[in-house]
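*Asks:* give me the fold of what follows.
(one chain, ligands or ions: 2)
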Amino acid sequence: MSTVEKKYLEAKEKYAELGVNTDEVLKRLEEVKISMHVWQGDDIAGFLSDDEVSGGITVTGNHPGKARTPEELRQDLEKAYSLIPGKHKLNLHAIYLDTDEDVDLNEIEPKHFEKWVSWAKEQDLGLDFNPTFFSHPMYKDGFTLASPDKEVREFWIEHGKRTRRIAEYFGKELGQVAVNNFWVPDGYKDNPIDRYLPRQRLMESLDEIFSEEINPEYTLDAVESKLFGIGAEAYTVGSHEFYMGYGLTRNKLICMDAGHFHPTEVISNKLSSIALFSEGILLHVSRPVRWDSDHVVIMDDELQEIGRELVRNDLLGKTHIGLDFFDATINRVAAWAIGTRNTIKAILKAMLEPTDYLKKIELEGDFTTRLALTEELKDFPFADVWNYYCEINQVPVGLDWLKEAQKYEEEVLNKRK
Ligand SMILES: C[C@H](O)[C@H](O)[C@@H](O)C(=O)CO
Ligand SMILES: [Mn+2]
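*Replies:* Ligands and ions are numbered 1, 2, ... in the order given. Just a heads-up that it's a prediction; the model follows:
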């Protein structure tokens, strides 16, 4: 018996004292898929053009070894997945097409993503998708789908329609639903006179995009709000209220990005409300530092609270968990490993709570026990359960994954000059 297993068995006994069956928890955890975002691998560059990243988002840092081709990106992704326990998904953006054809965003088709699909089949991964409404010359004066210019709107409407067919293709080919997430950067730097009409135009453009019926077994549309972006500080067309209204009336998934709210607002406190009314939720697990900075996700209070909300309210069935961070100051494979492992860990930690018992004492008004127990739980041997989960999933235990990421940096990433 390995030391990791021995420690697990001790931890199992300890959790059993609280009525928590760790073996069952680990089985449940295996069902949880995280959609790892392709764009951490190349600083959201994609393969459509050499256009700078635009749309009010930015990536800082210049760590060596960024993937320059789809092949390099897939190689890096394989390395990252080999450090992460469980079977997961990859979240692609339209600009990550893999083709020799010269096509624009309003011309893309499923065939331009065939290589990603065969790779996903080989790797036993699901795929999710995103239209790319930025880093393109038709992102004009800060606007796309809400633009006052009909030609601009039409270009992006066509793009949106095409991405839905590509996501449908992913779902059909891979036998698991592909979430297609719509985020548009449209907004004004300074105070607008008219806040209404751009929102009406966005609503109408989205309605036109979604007018084609597509089987929800294959793809689900999601809509992502935002508070502000660089260059759109005063007004963002697709605000939280806009998409709450839109998503709820059009049966779309509501995407909650942890970085898209006021600094003192947290998405963990919003999930239960949205879940009561919405078709489903998409998460963009991210880490805002003073602004929507998209830092790598760490095991902070908010991440743990997101995990608890999902588990305590039984929301894992209606929530699609995606990641959204991009840090170019560190090894990009390590960034994926840290953020994804932490997200899974936060869910595991929440699953190791005696949820039913905690709910019962809360209903009985025993707030003393509630506080005592939730505090005491912080010292329970959670890491021994996590390490065992890594071991049975044949991925590195503890910090061993870092040695592998460093070796990969030396042998592969540093050679990309
Ligand atoms: C690249 C993504 O589409 C983007 O990060 C979006 O999801 C977002 O959060 C923009 O701030
Ligand atoms: Mn996001």
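
*Asks:* from now on I want contacts and neighbour counts done on CA atoms only, so please keep to that.
*Replies:* Fine.

*Asks:* name the residue of the stretch 251-400 of the chain that lies nearest to ligand 1.
*Replies:* The minimum distance from the stretch 251-400 of the chain to ligand 1, using C-alpha to the nearest ligand atom, falls at residue 324 (5.7 Å).

*Asks:* dump the residue contacts of that residue.
*Replies:* Residue 324 sits next to 37, 257, 284-286, 294 when contact means C-alpha atoms under 8 Å, 6 or more residues apart in numbering.

*Asks:* one more pass at 6 Å, please.
*Replies:* The contact partners of residue 324, by C-alpha atoms under 6 Å, 6 or more residues apart in numbering, come to 284-286.

*Asks:* stretch 191-209: which residues count as buried?
*Replies:* By 16 or more other C-alpha atoms under 10 Å, the buried positions in stretch 191-209 come out as 198-199, 201-203, 205-206, 209.

*Asks:* contacts for that stretch?
*Replies:* Contacts for stretch 191-209 (C-alpha under 6 Å, 6+ apart): 145-146, 157, 160-161, 234, 237.

*Asks:* and the helices in this structure?
*Replies:* Using DSSP state H, the helices found in the chain span residues 3-16, 22-30, 70-81, 114-123, 150-174, 196-209, 240-250, 271-277, 301-312, 332-351, 355-363, 367-377, 382-392, 400-411.

*Asks:* mind checking which of these is nearest residue 131?
*Replies:* Across those, residue 131 has its closest neighbour in helix 150-174 (5.8 Å, C-alpha to C-alpha).

*Asks:* now what about that closest one, what contacts it?
*Replies:* With contacts defined as C-alpha under 6 Å, 6+ apart, helix 150-174 is touched by 105-106, 110, 131, 144-145, 147, 177-178, 209, 218-219.

*Asks:* pLDDT on that helix, on average?
*Replies:* For helix 150-174, mean pLDDT rounds to 98.

*Asks:* present the buried residues of stretch 191-209 as CSV; the columns should include pLDDT and distance to ligand 1.
*Replies:* Listed next are the buried residues of stretch 191-209 as CSV, based on pLDDT from 0 to 100; distance: C-alpha to the nearest ligand atom, whole Å:
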residue, pLDDT, distance to ligand 1
198, 98, 19
199, 98, 18
201, 99, 20
202, 99, 17
203, 99, 19
205, 99, 18
206, 99, 16
209, 99, 18
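
*Asks:* ok, which pair from those is furthest apart?
*Replies:* Between any two of the buried residues of stretch 191-209 (C-alpha to C-alpha), the greatest distance is 16.4 Å, for 198 and 209.

*Asks:* burial measure for the closest residue in space to residue 297 that isn't next to it in sequence, as a count.
*Replies:* The shortest distance from residue 297 to any non-neighbouring residue, by C-alpha to C-alpha, 6 or more residues apart in numbering, is to residue 339 (4.6 Å). Number of residues near residue 339 (other C-alpha atoms under 10 Å) recorded here: 23.

*Asks:* show me what the most centrally placed residue in the chain is bridged to.
*Replies:* The residue lying closest to the centre of the chain (C-alpha atoms, centre = their mean) is residue 322, at 1.9 Å. On DSSP bridges, the residues paired with residue 322 through beta bridges are residue 35, residue 284.

*Asks:* give me the number of residues near the nearest residue to residue 37 once chain neighbours are set aside?
*Replies:* Excluding the flanking residues, the one nearest residue 37 by C-alpha to C-alpha, 6+ apart is residue 91, at 4.5 Å. Residue 91 is flanked by 22 other residues according to other C-alpha under 10 Å.

*Asks:* and residue 91, how far from ligand 1?
*Replies:* The gap separating residue 91 from ligand 1 is 10 Å, by C-alpha to the nearest ligand atom, to the nearest Å.
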